[in-house]
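In: I'd like to go over a predicted model; first the sequence, then the structure.
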Amino acid sequence: MTAGEALPRRVLPPLRRWLELLVTAGLIAGGAWYVWDWWRNRGSELNISCFAYRDINRNGIYDTADRPYAGLEVALFRPRGDAVGAVSNISGFTNFPMSATKWAAPINEPGAYRIEARPPKGWVVTSRNGEQEFSFKRLDGSPAGLVAERTLIPVGIAPELTISGSVAVDGAPVTIRALSPSGDLEYPKVEASGAFTFPAEAGEWQLTFSQRAAQVVRRVTVRDYAVVLSRVVVGATAPPSRTESRVVDFDTLTPSDTLYEVPRGYAGLDWYNWVATHQKMYKSDGMINGTTSSEYFAYNSSGHPATISRAQPFDLAGTHIGVAWPNAERFDIEVRAWRGTDLAYTDRLRGRVAGPVYFDADYRGITRIEMRSLGYWQVVLDDLMYRIDPTAPAADGPAPAGASARPSAPPATAASRPAAAGS
């Protein structure tokens, strides 16, 4: 036997024994981890929930007028001084698991806890309980080994009410005279770009835009959501407003577990690339928060441009509008309208998943509208109001299925009404 042949015989047996020892140690360590993990997570847990709702009537009380709110951030401060966070789900519940035997549970020991609700920008807590303190004690035999001395009171939020928009400046200063519902006069600031925004109480406002010797008056009704006006051009002429208003709420097209391509003729309008569905179909915060009446809404299929048209001229009074997904908030929503082949109106606004704005369009005498996200995301639409001329030929007729006749003002939301195929 040579020296080269003897070397493997001397090296391999010890190496094999070391490998066997390593495998055995790994098995022991794995078993120990399994036992420790079982011990750490033994027992049961249950959720302590903070319910979040859209306080439609702004009375600070969760009542039948209100709707669950999705995506509210809630911080939980624990006895040891640290904090964990959670957000409300599409049913409005912000869940914090508790267990006396699961170390990873957010609530896992007796003591005093505190929550803090953190509304999105432009929204406020109306229920005056955005911060709540509550405590836990041990109770052997209970499902989680811990019980709360009291559960959390529902937290209501609502959007700050504002009126915003832009006015064509064209090198000449523009002033705004705003007459509030209570009779007070305000003079909102107009930026050099023509943009303006100001707080607005609920009710009917009269806005007078003045530039050089010309004026234009817009009457705006503020209800449950912030209002965005279509672009104001002082001195421009428009056809007179039509008098009969109809609201399209998309509540008569489909049961809750399906999608439905909005058909031509629905509510007396011709629709292209719009889909109606239930607000929980996609489990999207933007679809939950963007539905303003009942539980159904419409969106532009696959995020592509969608149109609404009519053979006879009509007015788009306005609509609640938002976006379905957070990434859509980076892009403007573009709205364009034509009279025949002539482009009559163009507007851009920013949608949010936190909730819709009411787009006060006041587009008059149009025959076609196009809406799209410039990032090709889904736009959420509900309670669209349009106006027709009741003296026009028979094509107008009585209000068709899916449209309800209303006074000429933005539609009421849940405050006055009861609360995956496709893309």
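Out: Received it, and whenever you're ready, just let me know what you need. Numbering: from 1, shown residues only.
In: can you spell out which residues form a bridge with D347?
Out: With DSSP bridges as the criterion, D347 is bridged to V335.
In: pull the contacting residues for it.
Out: S230, R231, E334, V335, R336, F359, A361 (Cβ atoms under 8 Å, 6 or more residues apart in numbering). (Glycine included, C-beta is placed from N, CA and C.)
In: at 10 Å instead, please
Out: When contacts are counted by Cβ atoms under 10 Å, 6 or more residues apart in numbering, D347 touches 165-166, 228-231, 332-337, 359, 361, 363, 371.
In: gap between it and G165?
Out: 9 Å (Cβ to Cβ, to the nearest Å).
In: what residues do the two have in common as contacts?
Out: What both D347 and G165 touch, as defined by Cβ under 10 Å, 6+ apart, is the set V228, L229, S230, R231, F359.
In: thought D362 was touching the first one, still the case?
Out: Yep, that's V228 we're talking about. No. Counting by Cβ atoms under 10 Å, V228 does not reach D362; the two are 11.7 Å apart.
In: separate out the buried members of the shared contacts of D347 and G165.
Out: V228, L229, S230, F359 (16 or more other Cβ atoms under 10 Å).
In: from those, which is closest to R219?
Out: L229 (11.0 Å; Cβ to Cβ).
In: so where's the stretch 251-400 of the chain shaky on pLDDT?
Out: 393-400 (pLDDT under 70).
In: hang on, the earlier thing: okay, the shared contacts of D347 and G165 in JSON lines with distance to A144 and secondary structure next?
Out: Output for those, formatted as JSON lines (distance: Cβ to Cβ, whole Å; DSSP: H, G, I helix; E, B strand; the rest coil):
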{"residue": "V228", "distance to A144": "47", "secondary structure": "strand"}
{"residue": "L229", "distance to A144": "52", "secondary structure": "strand"}
{"residue": "S230", "distance to A144": "54", "secondary structure": "coil"}
{"residue": "R231", "distance to A144": "56", "secondary structure": "coil"}
{"residue": "F359", "distance to A144": "47", "secondary structure": "strand"}
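In: determine which two of these are furthest apart.
Out: R231 and F359 (11.4 Å).
In: tally up the residues packed near E45, please.
Out: Residues lying near E45 (other Cβ atoms under 10 Å) number 20.
In: so what's it up against?
Out: 97-102, 104-108, 143-146.
In: run the last query once more with 8 Å
Out: P97, M98, S99, K102, A105, P143, A144.
In: and the residue lying closest to it once chain neighbours are set aside, its phi and psi?
Out: Once flanking residues are discounted, E45 sits nearest to S99: 3.6 Å by Cβ to Cβ, 6 or more residues apart in numbering. Backbone torsions of S99, given as degrees, to the nearest 10, read phi -160, psi 130.
In: wait, S99 sits on A105?
Out: Yes. Using Cβ atoms under 8 Å, S99 is in contact with A105, at 4.2 Å.
In: separation between the closest residue to D332 other than its chain neighbours and F136?
Out: Excluding the flanking residues, the one nearest D332 by Cβ to Cβ, 6+ apart is R348, at 4.2 Å. R348 sits 50 Å away from F136, going by Cβ to Cβ.
In: more crowded one of these two?
Out: F136 (22 against 14).
In: which SSE is that one in?
Out: strand 131-138 (DSSP states H and E).
In: which other helices and strands does that strand contact?
Out: Counting contacts by 3 or more Cβ pairs under 8 Å, 6 or more residues apart in numbering; DSSP states H and E, strand 131-138 packs against strand 111-118, strand 146-148.
In: can you list the residues that contact it?
Out: 50, 98, 100, 107, 109-117, 145-153.
In: coming back round to it: give me the common contacts of S99 and A105.
Out: Common neighbours of S99 and A105 (Cβ under 8 Å, 6+ apart) are E45, A144.
In: strands of the stretch 51-200 of the chain, start to end?
Out: 67-68, 73-77, 83-87, 93-98, 111-118, 123-125, 131-138, 146-148, 155-159, 162-166, 175-179, 185-186, 195-199 (DSSP state E, counting those that start in this stretch).
In: so what does the fourth one touch, helix or strand wise?
Out: Yep, that's strand 93-98 we're talking about. Using 3+ Cβ pairs under 8 Å, 6+ apart: strand 93-98 touches strand 46-54, strand 83-87.
In: doesn't F331 make contact with the residue nearest to D332?
Out: No. Assessed by Cβ under 8 Å, R348 is found out of contact with F331, at 9.7 Å.
In: return every residue with contacts to both of the two.
Out: L374.
In: and the helices in the stretch 151-300 of the chain, which stretches?
Out: 285-290 (DSSP state H, counting those that start in this stretch).
In: how much space between P143 and S99?
Out: Distance from P143 to S99, by Cβ to Cβ: 9 Å.
In: who has more neighbours out of these two?
Out: S99 (21 against 13).
In: ok, the more buried one - contacts?
Out: G43, S44, E45, L46, A105, I107, N108, A144, G145, L146 are the contacts of S99 under Cβ under 8 Å, 6+ apart.
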